[in-house]
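sequence below, structure please.
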Amino acid sequence: VKAAYSSGKPSFGVGQGNVQMILGDDYEDIDGFAADSIQCRTFDMGLGCTSDQMVHVPADKMDEVVAAFKRHGALYIEDKETIDRLRNLLFMPDGSLNRACVGNTAVQLAEKLGLPADENIRTLLLPMKAVAYEDFFCKEILCPVERLHPYTNFYDTVEDARKNYMMEGAGHVGALYTKNEDYIAYAGERIPVCRLMICQTAGAGAGRYNNAFPGTNTIGCGFWGGNSISENFCYKHLLQYTRVSRVIEDAHIPTTEEIFPDL
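Got it, this is the predicted structure:
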């Protein structure tokens with residue numbers, strides 16, 4: 001993106017993903033939520049920028065959420081030693097991703113950790129209370145590893161999601177599963193993304209026939225992501241028009257007072 005913008009020619013660039021997915025405390029279809037999340041996270045080996053990264057869940061529903069994720073193919077890791085080994089496997093000492101793990105399957109990652117490598121494992125799952133710069137696990141990971149962030153107050157977890165985005169991924173896309181319109185309005189105002197998907201995966205932000213977003217693999221992130229567009233990049237951005245203008249003979253030309261009545 002930097003190279004394109006520095007080329008001296010008109011360019012469209014996009015930003016980095018670090019999808020935050022929030023389960024509202026009012027949402028009842030936990031199994032459907034888990035199925036959606038894992039499907040999104042495992043598509044194309046977790047390489048997609050619209051893949052779930054941090055999943056915010058009500059603390060009192062953690063057991064139910066973990067059980068649902070397990071049913072759909074998650075290997076849940078909660079002992080500190082294994083989590084530390086996974087962190088050291090995925091990240092270099094400076095916090096950059098270990099390229100040897102990019103695009104690995106969950107089975108391959110489990111094998112590298114010496115864990116039972118059941119061929120049906122689709123994603124690795126671990127609990128995570130840290131936010132933003134407190135832990136490398138709050139960053140985007142380009143392989144199927146999900147983090148569950150428990151919360152007791154919806155508005156607080158929205159702020160946690162905001163902090164994660166401001167560290168990495170601002171402007172991209174987020175997902176919120178709730179029927180509460182107040183929650184939707186608050187999250188839409190506070191979370192710095194150009195797309196907030198309601199009761200659908202963040203992957204749907206790349207376009208579906210039933211949500212009005214044009215299909216794309218290129219997600220504009222606006223000024224949050226240092227991009228020239230905040231839309232889904234599509235064919236219309238590659239079109240150029242000649243606009244033919246004629247004088248409107250009977251057009252009313254407003255006075256300064258009409259344009260700026262309060263001055």
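
and the strands in this structure?
Taking DSSP state E to define them, one finds strands in the chain at 19-23, 52-58, 74-76, 123-127, 145-151, 171-177, 193-198.

distance of R99 from V14?
Computed as Cβ to Cβ, to the nearest Å, the R99 to V14 distance reads 21 Å. All C-beta atoms are positioned from the backbone trio N, CA, C, and that covers glycine.

more neighbours: these two, which one.
Neighbour tally, R99 and V14, criterion other Cβ atoms under 10 Å: the higher count belongs to V14, 23 against 9.

the more buried one contacts N232, doesn't it?
No - at 9.6 Å, V14 does not count as touching N232 under the criterion of Cβ atoms under 8 Å.

quick one: contacts for P127?
The neighbours of P127, taking Cβ atoms under 8 Å, 6 or more residues apart in numbering as the test, are 62, 78, 147-150.

hmm, back to that, need the strands of the chain in JSON lines with mean pLDDT and distance to N88, can you?
JSON lines is the format used below for the strands of the chain (pLDDT from 0 to 100; distance: least, Cβ to Cβ, whole Å):
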{"stretch": "strand 19-23", "mean pLDDT": "98", "distance to N88": "24"}
{"stretch": "strand 52-58", "mean pLDDT": "97", "distance to N88": "19"}
{"stretch": "strand 74-76", "mean pLDDT": "97", "distance to N88": "18"}
{"stretch": "strand 123-127", "mean pLDDT": "97", "distance to N88": "14"}
{"stretch": "strand 145-151", "mean pLDDT": "98", "distance to N88": "13"}
{"stretch": "strand 171-177", "mean pLDDT": "97", "distance to N88": "27"}
{"stretch": "strand 193-198", "mean pLDDT": "97", "distance to N88": "30"}
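
lovely, talk soon.
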